[in-house]
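**Q** just the structure for this:
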Amino acid sequence: MNPLVIGMDAKRAVLNSTGLGNYSRYAVDAISGAFPDARLRLYTPRVVENSRLQPLLSRPNVALAAPRRRGLTGSGALWRTWGIAADLRADGLDVFHGLSNELPQSIAAAGSASVVTIHDVIWRRVPHDYSFADRCLYDWKYGSSLRRATRVIAISECTKADIVADFGIEPDKIDVIYQGVAPCFRRNVDSARREAARKALGLPERYIVQVGRIEGRKNQLLTVKALRALPADVKLLLSGPRRMGGYAAEIDRYIAAHGLDDRVIWVDGIGFDMLPAVYAGAQAVAYPSRYEGFGLPVAEALSMGTPVVAATGSCLEEAGGDGAIYVDPDDPGAMADALRAIIDDSALRGRLAAAGADHVRRFTMDAFAEATMRCYSRAIEEYNQCKI
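**A** Got it, this is the predicted structure:
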């Protein structure tokens, strides 16, 4: 029997360092590791060195694939959207996986089954964060991908429900497959690494951390407001890129108006290698986002044994289970009460840590790989039936 040939849209695995790039690299790692007989071809419009992808490219069943020909659709976005189909067909794929919300518009000419992972429909739930043109583009591009895909992967039950409600996709076409937590968040972090991370970021003995781009949807201001009600020695670390003005400026104004300048620490981002130690050393992780496709930082923090306070309203209960406390995203008093309870009550911390450890056992790399391979097999079977 010939080995299964799997094509993957690897643009973000190659070019992005966070977010969809992390998911793409995780998928490559999980599937190539669990199924060494499968051959993975990673299609990218540009080949650049990525230190986090490089170890995966050393595996004998993983290879990068760049555009073979030039011309109007021979490189860049046009190749990824239209010209790629000729390369996919030439490579004899069994299935092509769009890892980041979209498939090539020419996928029907590729001669293979197709799967698309949809992470969220954020542009529809928080439209004020997107221009009208971008919302129209995403509706067309992602909606088209949903309709043309042989099968769809949603990263949470919440995302599946949104896809069904917003795009009319049949529920039976959608498989919910949770992204597993990266192995680095499942290892013990000793006191020396925690102390090194604390000193590198200028953190006190007691701190709360919230990660994510500084924007209204992520709701960092709620945590800043709650900080006023917490003990004075507890500081807040906000980690994420921020644009000048806008929501970041609103947070800055609140900090200045309420004398919190020495209690909020801003960093543009925490390196992936340091993040487990930062989580492990925190009193709590705050994640009161108004909308997420899954909320991976919640599961990552729980994997490190750190309690989480998250928001109600989207899918965060799926990520945190009984290991987190959930509050209204517009209630700073409830946020303060939850954080203070975690900080003050060691028994509560212990119960949450135990419940969180139990919950995140389902988010493993093996479970992700096996579920994704089942989706591929079903897609190939359905595609072949349609050809008869």
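**Q** please count neighbours and contacts with C-alpha atoms only from this point.
**A** Noted.
**Q** so, low pLDDT: which residues of the stretch 101-250 of the chain?
**A** Counting by pLDDT under 70, the ranges of the stretch 101-250 of the chain that qualify are 244-245.
**Q** which residues in it form helices?
**A** 122-125, 132-148, 157-167, 191-201, 220-227, 246-257 (DSSP state H, counting those that start in this stretch).
**Q** what comes up buried for the shortest one?
**A** Read that as helix 122-125. Judged by neighbour count using 16 or more other C-alpha atoms under 10 Å, the buried positions of helix 122-125 are 122, 123.
**Q** longest helix of the protein, counting residues only.
**A** Secondary structure of the chain per DSSP state H: the longest helix is helix 365-387.
**Q** then it to CSV, C-alphas only?
**A** Below are the C-alpha coordinates for helix 365-387, written out as CSV (Å, rounded to 0.1, in the frame of the first residue of the first chain):
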residue,chain,number,x,y,z
MET,A,365,-0.7,15.8,20.8
ASP,A,366,-1.6,12.1,20.2
ALA,A,367,-5.3,12.8,20.5
PHE,A,368,-5.0,15.7,18.1
ALA,A,369,-3.1,13.5,15.6
GLU,A,370,-5.4,10.6,15.7
ALA,A,371,-8.6,12.7,15.4
THR,A,372,-7.1,14.6,12.5
MET,A,373,-6.1,11.4,10.7
ARG,A,374,-9.6,10.1,11.1
CYS,A,375,-10.9,13.3,9.6
TYR,A,376,-8.5,12.8,6.6
SER,A,377,-9.6,9.2,6.1
ARG,A,378,-13.2,10.2,6.1
ALA,A,379,-12.5,13.1,3.7
ILE,A,380,-10.7,10.8,1.3
GLU,A,381,-13.5,8.2,1.4
GLU,A,382,-16.2,10.9,0.8
TYR,A,383,-14.2,12.4,-2.0
ASN,A,384,-13.7,9.1,-3.7
GLN,A,385,-17.4,8.3,-3.4
CYS,A,386,-18.3,11.6,-5.1
LYS,A,387,-16.0,10.7,-8.1
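**Q** what's the spacing between it and its chain's center?
**A** Between the mean C-alpha point of helix 365-387 and the mean C-alpha point of its chain there is a distance of 22 Å (C-alpha atoms, centre = their mean, to the nearest Å).
**Q** contact partners of that helix?
**A** Under the criterion C-alpha atoms under 8 Å, 6 or more residues apart in numbering, residues 27, 30-31, 34, 94-95, 112-115, 150-151, 153, 175, 177-182 lie in contact with helix 365-387.
**Q** check stretch 334-343 too.
**A** 222-223, 226-227, 229-230, 283-284, 307, 309, 325, 327-328, 348-349.
**Q** quick one: distance of it to the chain centre.
**A** Using C-alpha atoms, centre = their mean, the distance from the centre of stretch 334-343 to the centre of the chain it belongs to is 26 Å.
**Q** ok, stretch 158-174 next?
**A** Mean-position distance between stretch 158-174 and its chain equals 19 Å (C-alpha atoms, centre = their mean).
**Q** buried set for it?
**A** Within stretch 158-174, the residues scored as buried using 16+ other C-alpha under 10 Å are 158, 159, 160, 161, 162, 163, 169, 173, 174.
**Q** repeat for stretch 12-21
**A** Across stretch 12-21, burial judged by 16+ other C-alpha under 10 Å covers 12, 13, 14, 15, 17, 20, 21.
**Q** ditto for stretch 346-353
**A** Buried residues in stretch 346-353, counted by 16+ other C-alpha under 10 Å: 349, 350, 352, 353.
**Q** at the geometric centre of this protein, which residue sits there?
**A** Among the residues of the chain, the one closest to the centroid is residue 19, at 4.9 Å (C-alpha atoms, centre = their mean).
**Q** circling back: quick check: which of the buried residues of stretch 12-21 has the minimum pLDDT.
**A** In terms of pLDDT, residue 17 ranks lowest among those, with 78.
**Q** where's that one relative to residue 25, distance?
**A** Distance from residue 17 to residue 25, counting by C-alpha to C-alpha, to the nearest Å: 10 Å.
**Q** same check on residue 285?
**A** Per C-alpha to C-alpha, residue 285 is found 25 Å from residue 25.
**Q** residue 272 too?
**A** 13 Å.
**Q** please apply the same query to residue 257.
**A** Plainly put, residue 257 is 42 Å away from residue 25 if you go by C-alpha to C-alpha.
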